[in-house]
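In: structure of the sequence below:
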Amino acid sequence: MPVPGGKGDPRGLIGLARRAGRLAAGDHAVRHAFQQGRAALVVVAADAGAACHRRFARLAARDAVPLVVWGGKGELGALTGRPQCAVLAVTDKGLAAALRERLSAGAGGTGAESGGEPFVTQHSHL
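Out: You can find the predicted model right below:
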């Protein structure tokens with residue numbers, strides 16, 4: 001497992017996306033990114049509510065956007081300059097691909113990737 005903040009840590013890519021203006025943070029901003037067709041990767045906090053998981057799983061499945069469950073609301077919030085954040089969307093395809101690769105490799109945090117199968121299918125209990 002990479003050292004937090006080190007090479008291979010997904011936190012660095014999330015910070016880069018934020019600084020580059022390629023990150024939508026929060027429910028409203030992520031839904032807006034979907035409406036504009038800009039969402040390339042969705043990250044939902046593991047401790048986000050079931051309704052949040054369902055909402056973004058449906059949007060991601062509808063638009064064929066990868067969805068990853070990773071980190072907690074506090075951790076995502078810290079990465080976005082907020083107290084808490086339940087959902088993020090990366091709007092740059094290159095950054096999204098690199099982040100998805102790091103997250104699916106299990107780097108730097110707890111979570112699971114949808115792996116192309118809709119989150120709702122994998123987690124029908126939600």
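In: show me what the spatially most central residue of the chain is bridged to.
Out: Geometric centre of the chain, nearest residue: residue 43, 1.1 Å, by Cα atoms, centre = their mean. Beta bridges link residue 43 to residue 68, residue 88 when assigned by DSSP bridges.
In: is it true that it touches residue 86?
Out: No - counting by Cβ atoms under 8 Å, residue 43 does not reach residue 86; the two are 9.7 Å apart. From N, CA and C alone the C-beta is placed, and that goes for glycine too.
In: what's the overlap in contacts for those two?
Out: Contact criterion Cβ atoms under 8 Å, 6 or more residues apart in numbering; residues shared by residue 43 and residue 86: residue 76.
In: do a quick rundown of the strands in the protein.
Out: Secondary structure of the chain, counting by DSSP state E: strands at 23-25, 41-44, 67-70, 87-90, 111-113.
In: select, out of these, the one closest to residue 80.
Out: strand 23-25 (4.1 Å; Cβ to Cβ).
In: residues in contact with the closest one?
Out: 14, 17-18, 30, 32-33, 38-39, 76, 80, 82, 85, 87-91.
In: low-confidence ranges, this protein, go.
Out: Counting by pLDDT under 70, the chain contains low-confidence ranges at 1-8, 106-126.
In: scan it for its longest helix.
Out: Counting by DSSP state H, the longest helix found in the chain is helix 50-63.
In: now that one: buried residues?
Out: For helix 50-63, burial by neighbour count (16 or more other Cβ atoms under 10 Å) applies to 52, 53, 55, 56, 57, 59, 60, 61.
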